[in-house]
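> Pasting a predicted model and its sequence here:
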Amino acid sequence: MRLLLRRPLGLLALASVVTALTVVAGLVPGAFAGSTGAPAGHGVPPHNRYAGPDGTSSMHGDSGASDTTPYAGPGADPATPVSVPLAGVCPTILAGVDGLPQALCTSYADRAPTLYLLDPATGAPLARLALQKGSLLGGVYAYVDAHGRMVTADGSGDLLLVGHHETATGWELTVDDRVPLRPAFRRACGAPDCDAISTVAPGFDGRVWFATAAGRAGYADPASGRVVMRRLGHGEIVANSIATSPDGVSVVTDHATYLLRAGASGAVHQVWRRAYARGKARKPGQLSHGSGATPTFFGPRTGHELVAMTDNARPREHLLVYRADTGRTVCSVPLFGRRNSGTENSPIGWRRQVYVASTYGYPYPATPDGAGEAQPASADFVGGMQKIHVGRHGCRTVWRTRTASAAVPRLSRAEGVLYTVTRTGAAPSYRLARISPRTGRVLSETDLGAGPGADTLQMVGTILPDGTLLQGFVTGLTLVGAGS
């Protein structure tokens, strides 16, 4: 058996990064419609009633992984950023309907996942819960459900639904429900620990959908305890998160893009599969050999009629857009130039616009075990962002910039700007940046820090309803509040 479960993948590779870090310890602004003010359709991502609020319920904002938010960010003149040390890397910062942030971090002490409940005003921990370390080391891509519970899996071999509760002495985090997964793995591959869940996402059918390190996908039903899965392809792995929509569940392996649904019998049905060019090896600045992107549902009418992802072709990789219902290719657009064509980040999808940031050559302190050698072994990180318009008769590039993004960008639909973190200079310096979606021009920047300890490691920032932005970095998170 291939030792796939021993390698943390995608953003999960940040667990490996922790080991190295212990050593060094086109739209007009204002024209965006938020989900609260726009009628159904018109390109607004559909709300999943089994998930928490759009914008804060998952790492990529919503069930469809649009990487958009209905909330305005801290703006051009925010309050002074506040660093919140949490003794670990925090790639997942989410919030439920009560607005209390929940950060899933990989701790330095034992490289096990720890869930923190945070004060939204200060970022200070209100409660914490240590989860059991598993074969994926850093835990999994998680989400917040409609009841405010963090849905994840840990080394116990169970799917966990973790709630937070206020008591007479303060807040506490508790495992409110669990679904055993090991019996399903024993049936699928012969042993209870022969595979492990790497990502979970809320289905529009009420099920908890997942993908595994060894290239399986399926769902768990917390009400009945039923777990169903199927193998995807032969020798394929899942290195990123998955996305869900009313059309089904999109999964990108290191070979192909899939759309899955549960059939009438409950079996996992493959609606379509589209192979992509994966190149001859991993590129520098990527953490696996294949696509570095979580798939993104988007579209001008329903907000989910299209799905986008990026391949790993050489010399330039491509943005690929498919029809979500049939898998028909809408377009294939080359990305960036020969010196920066590669990304580990999910595209932003909004109506007919897609935004992609280059991570080619990003100097991660470590790479996952089993990821393979990069070709070339290293490269300068020059950055770059690109906007693509998806038209009725094809796609075209609207703009390219040299902006060096060090975080997954997020589109604030309410504010009409892209938020990311820029990385510049030899130190280097990290700044929270606001970027015009219409032109790609940097509108404003706010200093976050400099040097190895300020590295944001291509992690995504989460914007709360009051405009506060929480950005993970190598030793915790930074809180940037709205200006007075």
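Nice, thanks for sending it over. Numbering: from 1, shown residues only.
> part of a strand, is Pro183?
No: counting by DSSP: H, G, I helix; E, B strand; the rest coil, Pro183 falls outside a strand, being helix.
> residue boundaries of the strands in the stretch 151-300 of the chain?
158-167, 170-180, 197-202, 208-212, 216-221, 226-231, 243-245, 248-252, 256-262, 268-275, 296-298 (DSSP state E, counting those that start in this stretch).
> want to throw these into TSV with distance to Pro91?
C-beta here means a position set from N, CA and C on the backbone, and glycine is covered the same way. Putting the strands of the stretch 151-300 of the chain into TSV (distance: least, CB to CB, whole Å) gives the following:
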stretch	distance to Pro91
strand 158-167	17
strand 170-180	18
strand 197-202	12
strand 208-212	17
strand 216-221	21
strand 226-231	25
strand 243-245	17
strand 248-252	18
strand 256-262	23
strand 268-275	27
strand 296-298	18
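> Turn the ones you listed into a markdown table, including mean pLDDT and distance to Gly440.
As requested, those are exported to a markdown table (pLDDT from 0 to 100; distance: least, CB to CB, whole Å):
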| stretch | mean pLDDT | distance to Gly440 |
| --- | --- | --- |
| strand 158-167 | 96 | 39 |
| strand 170-180 | 97 | 41 |
| strand 197-202 | 95 | 30 |
| strand 208-212 | 97 | 33 |
| strand 216-221 | 97 | 35 |
| strand 226-231 | 96 | 41 |
| strand 243-245 | 98 | 25 |
| strand 248-252 | 98 | 26 |
| strand 256-262 | 98 | 27 |
| strand 268-275 | 98 | 29 |
| strand 296-298 | 98 | 19 |
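> got CSV for these, with mean neighbour count and distance to Tyr143 too?
Shown next, in CSV, are the strands of the stretch 151-300 of the chain (neighbours: other CB atoms under 10 Å; distance: least, CB to CB, whole Å):
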stretch, mean neighbour count, distance to Tyr143
strand 158-167, 18, 11
strand 170-180, 16, 15
strand 197-202, 28, 6
strand 208-212, 27, 9
strand 216-221, 23, 13
strand 226-231, 18, 18
strand 243-245, 30, 10
strand 248-252, 28, 13
strand 256-262, 21, 17
strand 268-275, 16, 19
strand 296-298, 29, 15
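> closest one to Ser436 among these?
Nearest of the strands of the stretch 151-300 of the chain to Ser436, taken as CB to CB: strand 296-298 at 19.5 Å.
> which residues sit against the closest one?
43, 45, 60, 64-67, 243-245, 247, 250, 303-304, 306-309, 324, 346-351, 354 (CB atoms under 8 Å, 6 or more residues apart in numbering).
> Helix, strand, or coil at Glu344?
Per three-state DSSP, Glu344 ends up coil.
> any idea how far Tyr360 is from it?
According to CB to CB, to the nearest Å, Glu344 stands 9 Å off from Tyr360.
> what touches both of these two?
285-286.
> picking up where we left off before, quick one: closest of the strands of the stretch 151-300 of the chain to Ala404.
strand 296-298 (21.9 Å).
> What pairs with the closest one, parallel or antiparallel?
strand 306-310 (antiparallel) (DSSP bridges).
> what comes up buried for the partner strand?
Using 16 or more other CB atoms under 10 Å as the test for burial, strand 306-310 gives 306-310.
> In a markdown table: those, plus pLDDT.
Formatted as a markdown table, the buried residues of strand 306-310 follow (pLDDT from 0 to 100):
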| residue | pLDDT |
| --- | --- |
| Leu306 | 98 |
| Val307 | 98 |
| Ala308 | 98 |
| Met309 | 98 |
| Thr310 | 98 |
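> Throw these into JSON lines and include distance to Thr56, thanks.
Output for the buried residues of strand 306-310, formatted as JSON lines (distance: CB to CB, whole Å):
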{"residue": "Leu306", "distance to Thr56": "24"}
{"residue": "Val307", "distance to Thr56": "22"}
{"residue": "Ala308", "distance to Thr56": "22"}
{"residue": "Met309", "distance to Thr56": "23"}
{"residue": "Thr310", "distance to Thr56": "25"}
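> Pick out the most distant pair among those.
Farthest apart among those by CB to CB are Leu306 and Thr310. That separation is 14.3 Å.
> Leu448: what's its closest spatial neighbour, skipping adjacent residues?
With sequence-adjacent residues excluded and distances taken as CB to CB, 6 or more residues apart in numbering, Leu448 is closest to Tyr430, at 4.6 Å.
> if I look at the one you found, how far off is Pro78?
Counting by CB to CB - Tyr430 and Pro78 are separated by 15 Å.
> Ok, Ser444 next?
9 Å.
> Same check on Leu161?
For Leu161, the distance to Pro78 equals 34 Å [CB to CB].
> just Asp62 next, same as before
24 Å.
> Compare neighbour counts for these two and give me the winner.
Per other CB atoms under 10 Å, whichever of Asp62 and Pro78 has more neighbours is Asp62, with 30 against 20.
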